[in-house]
Each structure stands twice: as structure tokens, then as C-alpha cells.
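Q: Fold the following and give me the result.
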Amino acid sequence: MFAALVAAATASSTAPSAASIAASTEGLAAVARGASPRVEIAGPGVVVIDARGLTRLFGQEAQVAALCRQQAADRGVAAAVAIASTRTAALLLALDGAGRITAAMEPAVVVPAGAEAAALASLPIALAPATSSAAASSRSAASSVRSTSAWPMRPPAPAIAMRIRGAIAAELRGS
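A: Purely as a prediction, here's the structure:
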């Protein structure tokens with residue numbers, strides 16, 4: 001089980017300042033370190049926690065997610081939180097959620113094991129690694145998606161894998 005925390009500022013349409021991104025990242029890292037010793041700062045305003053075993057300490061997955069979200073808010077960081085059985089699913093769902101955060105506390109996303117494909121199927125393809133940058137060449141995008149380094153834990157669920165292949169094929173055709 002993995003939990004991903006993404007600061008809303010990193011997904012906003014206006015460019016946040018470097019100081020606010022750094023503060024958001026530090027706030028999320030402090031929340032993550034308070035929950036688990038296995039923490040990865042995956043990028044500016046993005047933190048991933050290896051959350052295996054946290055339910056024994058903090059309750060069910062939804063309670064863990066709500067606690068992380070509340071502690072981030074207590075530190076002044078509006079964050080999207082997603083929990084899934086794979087790192088990639090949690091990260092993509094939290095990135096998607098960060099773009100939709102409003103002032104009201106929306107519930108965190110918790111995906112049961114085995115339901116990742118259904119949860120990821122409706123996400124925009126731009127969230128997928130190596131396909132979101134228009135500046136990347138077709139060849140490098142195609143090779144990095146084929147590479148297992150683009151998917152840290154295991155390949156994506158079949159539904160999103162088909163969408164990624166379609167996007168790469170369109171890019172290679174020049175559409």
C-alpha cells in the first residue's frame with residue numbers, strides 16, 4: 001500500500017513561487033515522516049509514503065488518508081491524498097486530485113487492491129510519466145515508457161497502458 005500526497009499549488013494553472021513550492025514540499029515531507037519512516041520526495045510538492053502497516057497504527061486506509069490530509073492542512077498545505085496498492089496508481093490519482101482541490105476538504109481517494117485499472121481508466125493521459133511534456137521527442141517518450149524505469153513498481157494497469165500506447169502512436173504519427 002502506498003500513499004501519495006500532492007500539494008495543490010503544484011497543480012495550479014498559475015505558477016507558484018519557488019519558496020511556496022519548497023514550503024509545501026517540506027510540509028508534506030514532515031507529515032509523511034510523522035506517519036512512516038519510508039518516505040520519498042518524488043518531486044516539488046509531491047511526497048510518496050510506503051504505507052504498509054500504517055493501518056495497525058492509524059486505522060483503515062481512509063482514516064490514514066484523512067489524517068495525512070488534515071495534518072497537511074494544519075501545516076498550511078492544501079493537498080490531495082491518494083492511497084492505492086501500487087505507488088504509480090497512488091501517485092497518478094493524487095496528481096489528478098491536486099488539480100481539483102477547492103477550499104472545502106474533499107475526501108481523499110482510497111483504491112482497494114485490484115481496482116486500480118478502473119480508478120486509473122478515466123485519468124487524463126497527460127498525467128502519465130514521459131508523455132506529459134510536449135518538448136520530449138517522440139523517440140525519447142516512446143523509449144522511456146517502454147523502459148521499466150518510467151514505472152517504478154510495476155507496469156501500469158492494462159486500461160491506462162492502452163491509452164499510453166495510443167498517445168505514443170499518435171505522437172509518432174505526428175498528430
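Q: quick one, strands of the protein?
A: For the chain, strands defined by DSSP state E occupy the ranges 2-7, 39-43, 46-50, 79-84, 109-110.
Q: ok, the residue most central in space within the chain to Ala66 distance?
A: Against the mean C-alpha coordinate of the chain, by C-alpha atoms, centre = their mean, the closest residue is Leu91 at 2.0 Å. Using C-beta to C-beta, to the nearest Å, Leu91 is found at 19 Å from Ala66. C-beta coordinates here come from the backbone N, C-alpha and C atoms, glycine included.
Q: same thing with Val39?
A: From Val39 to Ala66 the distance is 19 Å (C-beta to C-beta).
Q: so how far is stretch 165-175 from its chain's centroid?
A: 24 Å (C-alpha atoms, centre = their mean, to the nearest Å).
Q: Could you export it as PDB, CA atoms only?
A: Presented in PDB, the C-alpha positions along stretch 165-175 are these (Å, rounded to 0.1, in the frame of the first residue of the first chain):
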ATOM      1  CA  ARG A 165       0.300   3.200 -26.200                       C
ATOM      2  CA  GLY A 166      -2.300   5.100 -28.200                       C
ATOM      3  CA  ALA A 167      -0.900   8.500 -27.200                       C
ATOM      4  CA  ILE A 168       2.600   7.400 -28.200                       C
ATOM      5  CA  ALA A 169       1.400   6.100 -31.500                       C
ATOM      6  CA  ALA A 170      -0.400   9.400 -32.300                       C
ATOM      7  CA  GLU A 171       2.800  11.300 -31.300                       C
ATOM      8  CA  LEU A 172       4.900   9.100 -33.600                       C
ATOM      9  CA  ARG A 173       2.400   9.700 -36.500                       C
ATOM     10  CA  GLY A 174       2.700  13.400 -35.900                       C
ATOM     11  CA  SER A 175      -0.900  14.100 -34.900                       C
END
